[in-house]
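Trainee: sequence-free structure coming up:
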């Protein structure tokens, strides 16, 4: 076999291509609003059998199984880790409505449509319904980062994307058990074992590993020191240890990973941003790799099976969410824009594919068809929801006019006598009343920005990691007072 087509080299080339291309195009994609997922699927098509034939991934591929397992584990762990439990308690009613009537009603309606239109058994239809009720965090990220999205809509979508996989995963496991037993009466004793494995051993192992992980980190911090780069790697170790511990006692490693992240959030341990951000970055990388792997050939299988009933089902699967969420969230009295954004933007993507791959990897009968139907819905969702996001337009910050430099003001005197380390609101008002040019910069991290409902009036969003480049991009006046808002 030629080295150019060696599977190991092809995999390494794939990893490198995904990282390089995603990084180089990240700014362009963010500015254009074009779905990043579409770019990754296109990359997969180019290197797949329909393009350069550098890689051909099948459903029984070991690479696909490993990358998919890592992706789902890290997604569940980082979702739980990033949850603000105090925020959930403050908005408990909204959380319950989003995850209860909203998510579950979407799953139930999709399940019914799959049963009646596609002729699937109820367990198989339930797997498809649960998978397609899951929202994709990659597709949602572009929407959640927009400053013009109402805070209530951002909060609801963020809570949903962080929690709904943990709600839907047990549905998939229970449906898989029903599909495997074929509804036989002799399977009744297995239900107690499945309940123990799924709801006790899995989460229990995750809680134990999470608690031990937090305790060990806190002990080392107080007694010794730990390098920040190693602390960032620590998060991956906790996630994988939780998964392995649960699987070793026949529990669910995925639920264990979620429980471990939730345990860390519960103890509210002071973690450096790198702890979360590195885990989130690694999770995103595995998601991108999985999308490229699927895009090489597998995801296009949905187009092959697209007949009348399947296309009708795909349309219904995308439309049941607005119906379910509009009905569920109507009692909250959200403003119309927030309500419509929440109801419409439930893109299906990699989360749906990862859930529907579980019965495929388990060798369940008919699971390949479930995967193909799911890919068709995902392709339509990328097209429709991604196009909707582009149609919203990009929120642009108007550059401020550069003011003429005030007389008799030297940089040295400003630093020495006029600029405090912190500026209060009266001082800010005094500067503005004196006619001084003032620009308020929102320099919070993305995590702090997404989890906060507080904003500074007329603030200009600046990425704290790239302040100079951001200042040049926004054409910030050089002689203005720059007030950084980071609370």
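Mentor: Sure thing, it's come through. Quick caveat: nothing in here was measured; it's all calculated off a predicted structure.
Trainee: Pull the number of nearby residues for residue 47.
Mentor: 22 (other C-beta atoms under 10 Å). The way it works is simple: take the backbone N, C-alpha and C, and place the C-beta from them, glycine included.
Trainee: same thing with the one 4 residues further on?
Mentor: Neighbour count for residue 51, taken as other C-beta under 10 Å: 15.
Trainee: mind checking how far the residue most central in space within the chain is from residue 37?
Mentor: By C-alpha atoms, centre = their mean, the chain has its centre lying nearest to residue 137, at 2.6 Å. For residue 137, the distance to residue 37 equals 11 Å [C-beta to C-beta, to the nearest Å].
Trainee: cool, and residue 57?
Mentor: 17 Å.
Trainee: ok, now which ones touch residue 255?
Mentor: Counting by C-beta atoms under 8 Å, 6 or more residues apart in numbering, residue 255 touches 76, 166, 169, 170, 198, 202, 203, 206, 246.
Trainee: can you check residue 70 too?
Mentor: By C-beta under 8 Å, 6+ apart, the neighbours of residue 70 are residue 286.
Trainee: That one sits in which helix or strand?
Mentor: helix 62-81 (DSSP states H and E).
Trainee: by contact count, what packs against the next helix or strand after that helix?
Mentor: Using DSSP H and E, the helix or strand that follows helix 62-81 in sequence is helix 85-90. Counting contacts by 3 or more C-beta pairs under 8 Å, 6 or more residues apart in numbering; DSSP states H and E, helix 85-90 packs against no other helix or strand.
Trainee: Now the closest residue to residue 200 other than its chain neighbours. Its backbone dihedrals?
Mentor: The spatially closest residue to residue 200, leaving aside those adjacent along the chain, is residue 251, at 7.6 Å (C-beta to C-beta, 6 or more residues apart in numbering). Main-chain dihedrals, residue 251, degrees, to the nearest 10: phi -100, psi -180.
Trainee: residues in contact with residue 251?
Mentor: Here residue 251 is in contact with 197, 198, 200, 201, 202, 203, 204, 205 (criterion: C-beta under 8 Å, 6+ apart).
Trainee: neighbour-wise, which of these leads?
Mentor: residue 202 (30 neighbours).
Trainee: can I assume that residue sits in a strand?
Mentor: No. Under the criterion used here (DSSP: H, G, I helix; E, B strand; the rest coil), residue 202 is helix, not part of a strand.
Trainee: quick one: it and residue 253 touch, right?
Mentor: Yes. Assessed by C-beta atoms under 8 Å, residue 202 is found in contact with residue 253 at 7.0 Å.
Trainee: shared neighbours, those two?
Mentor: Joint contacts of residue 202 and residue 253 (C-beta under 8 Å, 6+ apart) are residue 246.
Trainee: Check which helices and strands the longest helix anywhere in the chain is in contact with.
Mentor: With secondary structure taken from DSSP state H, the chain has its longest helix at helix 151-181. If you count contacts as 3+ C-beta pairs under 8 Å, 6+ apart, helix 151-181 packs onto helix 62-81, helix 92-97, helix 122-132, helix 137-144, helix 188-196, helix 253-267, helix 336-344, helix 350-361.
Trainee: what's the second one in contact with?
Mentor: The contact list for helix 92-97 (C-beta under 8 Å, 6+ apart) reads 88, 152, 155, 156, 159, 163, 328, 329, 331, 332.
Trainee: Tell me, how many residues neighbour the closest residue to the residue nearest to the centre of the chain other than its chain neighbours?
Mentor: Distances taken as C-beta to C-beta, 6+ apart place residue 161 nearest to residue 137, at 4.8 Å, with adjacent residues excluded. A count of nearby residues for residue 161, using other C-beta under 10 Å, gives 24.
Trainee: And residue 161, how far from residue 351?
Mentor: 8 Å.
Trainee: Residue 53 too?
Mentor: Distance from residue 53 to residue 351, by C-beta to C-beta: 29 Å.
Trainee: The two: which has the busier surroundings?
Mentor: Counting neighbours by other C-beta under 10 Å for residue 53 and for residue 351 shows that residue 351 has the greater number, 30 against 13.
Trainee: ok, now how distant is residue 211 from residue 205?
Mentor: From residue 211 to residue 205 the distance is 11 Å (C-beta to C-beta).
Trainee: Now do the contacts for the nearest residue to residue 358 once chain neighbours are set aside.
Mentor: Spatially, and ignoring its direct neighbours in sequence, residue 358 is nearest to residue 172 (5.8 Å; C-beta to C-beta, 6+ apart). Each residue near residue 172 by C-beta under 8 Å, 6+ apart is listed here: 126, 127, 130, 131, 355, 358, 359.
Trainee: The third one reaches residue 107, doesn't it?
Mentor: What it means is residue 130. Yes. Contact criterion C-beta under 8 Å: residue 130 and residue 107 qualify, at 5.0 Å.
Trainee: okay, the two: which has more neighbours?
Mentor: The neighbour count for residue 130 versus residue 107, taken as other C-beta under 10 Å, is higher for residue 130 (30 against 25).
Trainee: Tell me the confidence at residue 121?
Mentor: Residue 121 is assigned 94 on the pLDDT scale.
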